[in-house]
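> Next come a sequence and a model predicted from it.
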Amino acid sequence: MNKNELSAAIAAKAGLTRKDAEAAVCAMSEIIADSLKNGEKVQIVGFGAFEVKERPARKARNPKTGEEIQIGARRAPMFKPGKTLKEAVEG
């Protein structure tokens, strides 16, 4: 499912116009991204939690040449599904 399909499904389920549903999807994405950028955790009860994990610097190998390279530290967004979502997917 892509963003357009998600917007259409939300519009149908919530009785909104497709334009309003698309605006809501975009706003939610922006709010989650901004919150993560500011170091905040976003938790939606029953769905899951978005948070940023710190990944330390590490050494790796270039598989083509075998040369050792350094990979810098970085921050990576993560999603942890909630109990309700896990149960819905498991069936």
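Structure's in. What do you need? Numbering: from 1, shown residues only.
> if I look at Lys86, how far off is Glu22?
28 Å (Cβ to Cβ, to the nearest Å). For glycine as for every other residue, the C-beta is placed from the backbone atoms N, C-alpha and C.
> who's more crowded, those two?
Applying other Cβ atoms under 10 Å to Lys86 and Glu22 shows that Glu22 carries more neighbours, namely 18 against 11.
> which residue packs closest to the more buried one, ignoring adjacent ones?
Ser7 (4.0 Å; Cβ to Cβ, 6 or more residues apart in numbering).
> go on, Lys3?
Val25 (6.2 Å).
> can you list the domain ranges for the chain.
1-39, 41-91 (automatic domain parsing).
> Could you say which of these is packed most deeply?
domain 1-39 (a mean of 13; mean count of other Cβ atoms under 10 Å).
> give me phi/psi at the residue of the chain most remote from its centre?
Distance from the C-alpha centroid of the chain peaks at Thr65, with 33.9 Å (Cα atoms, centre = their mean). The phi/psi pair for Thr65 (degrees, to the nearest 10) reads phi -110, psi -20.
> What of Pro63?
Phi and psi for Pro63, reported as degrees, to the nearest 10, are phi -60, psi -20.
> what do you get for Ala60?
With angles defined as degrees, to the nearest 10, Ala60 sits at phi -140, psi 180.
> how far away is it from Lys86?
Going from Ala60 to Lys86 by Cβ to Cβ gives 32 Å.
> what does Ala49 give?
12 Å.
> Can you name the residues in contact with the helix ranked longest in the chain?
Longest helix of the chain, by residue count under DSSP state H: helix 18-37. For helix 18-37, the surrounding residues in contact (Cβ atoms under 8 Å, 6 or more residues apart in numbering) are 3-4, 6-8, 10-11, 14, 16, 41-42, 50-52, 77.
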